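next comes the sequence, and after it the predicted model I'd like to discuss.
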Amino acid sequence: MGVKAAYEKFKELVRATKDLADLDLALNKITQAVGCDYYAIGHHIDWGTGKPQAFRLLNYPAEWIDFYDRNGFVGRDFVHRASGRTQNPFLWREAHELVEFGAYDERFLDLARQHGLYDGFTVPSNVPGEFLGSCTFATAPGRPLDEDGLILARLVAPEVFAAARRLVGLAKAMECIESALLTKRQRECLIWMMAGKSDWDTGKILGISEATVRRHVNDACKKLGALNRPLLAFLACRNGVISFPEVPAGSYTRNRE
């Protein structure tokens, strides 16, 4: 079966899943098809905290899962750190190109291999307003990653993550978040507010009065349902109204020289 046909087959399979148990069974089939032994898909959170609307499905060796959770590696391991820096899939051996890879990470990888996880391929899945996440396929010692399998893994991973989000209610929850359409001037005032500028500063930058800036910010609060300015900044980012790169770099930090 070609990669395209396999992708279509598994896309339909994961879209038809009724619960996480169904998705787990589908992941077992997908993992075999991509030439791997293990899979891990989920959010990068501490699973001892009982976070709502988050998920984790994996078939890693039980001893490694226990060791990993007991030592609190979540968010610290190089796969999670690298996933937070890119939306592009990466091989574990390429993680050093995305994050600083030191002796701690070498030791961590060595421990993973001692527990049966030799090599891996990770597809990040970072949805604005949600926990960071990823979908990983890994091999046991002595089994190299299959190039054709990696192509299939790259294609099907987003479908698997989307199915998991649907099954735990995240997709529906995000649909309820309104992305209000702000006017050009409201967005400009909001961006400079998020950059740490006062209403007076913003007015000078935009060539309008301080009172007009205040009015635009207040109107933005009403549209986004924010009770105050910190909440306005949070909602603007979560809802995708403002993206981080739009906020002028360096204008919100002090010179530490």
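On my side now, so go ahead. Numbering: from 1, shown residues only.

tell me which stretches of the stretch 151-257 of the chain form helices.
Using DSSP state H, counting those that start in this stretch, the helices found in the stretch 151-257 of the chain span residues 170-175, 184-194, 199-206, 210-224, 229-238.

buried sites along the fourth one?
Taking 16 or more other C-beta atoms under 10 Å as the neighbour-count basis, helix 210-224 is seen to contain the buried residues 212, 213, 215, 216, 217, 220, 221, 223, 224. From N, CA and C alone the C-beta is placed, and that goes for glycine too.

distance check, the second one against residue 142.
Okay, so that is residue 213. Going from residue 213 to residue 142 by C-beta to C-beta, to the nearest Å gives 64 Å.

same question, residue 149
With distances defined as C-beta to C-beta, the gap from residue 149 to residue 142 amounts to 16 Å.

how about the strands of the chain, start to end?
Along the chain, the stretches classed as strands by DSSP state E are 38-43, 56-58, 90-91, 119-125, 133-139.

let me know the pLDDT of residue 175.
At residue 175 the predicted local confidence, pLDDT, stands at 51.

could you number the chain from 657 rather than 1 from now on?
Done: numbering now begins at 657, and the last item shifts to residue 831.

which residues sit in contact with residue 799?
Contacts were defined as C-beta atoms under 8 Å, 6 or more residues apart in numbering; by that measure residue 799 touches 691, 692, 693, 774.

no wait, residue 864
The contact partners of residue 864, taken as C-beta under 8 Å, 6+ apart, are residue 841.

repeat that with 10 Å
841, 844, 845, 855, 858, 871, 872 (C-beta atoms under 10 Å, 6 or more residues apart in numbering).

quick check, distance from stretch 693-701 to the centre of its chain.
The gap between the average C-alpha position of stretch 693-701 and the chain average comes to 12 Å, counting by C-alpha atoms, centre = their mean, to the nearest Å.

pLDDT weak spots in the stretch 657-806 of the chain?
Under the criterion pLDDT under 70, the flagged ranges of the stretch 657-806 of the chain are 704-709, 785.

residue 818 and residue 682, how far apart?
Following C-beta to C-beta, the distance that separates residue 818 from residue 682 is 13 Å.

pick out whichever of the two has more residues nearby.
Applying other C-beta atoms under 10 Å to residue 818 and residue 682 shows that residue 682 carries more neighbours, namely 21 against 17.

if I look at that one, how far off is residue 693?
16 Å.

in a markdown table: the helices of the stretch 807-913 of the chain, plus distance to residue 677.
Supplementary listing: the helices of the stretch 807-913 of the chain in a markdown table, determined by distance: least, C-beta to C-beta, whole Å:
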| stretch | distance to residue 677 |
| --- | --- |
| helix 826-831 | 18 |
| helix 840-850 | 43 |
| helix 855-862 | 53 |
| helix 866-880 | 38 |
| helix 885-894 | 31 |
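
just say which of those helices is most tucked in.
Taking mean count of other C-beta atoms under 10 Å as the contact definition, the stretch among those with the greatest mean neighbour count is helix 840-850, which reaches a mean of 20.
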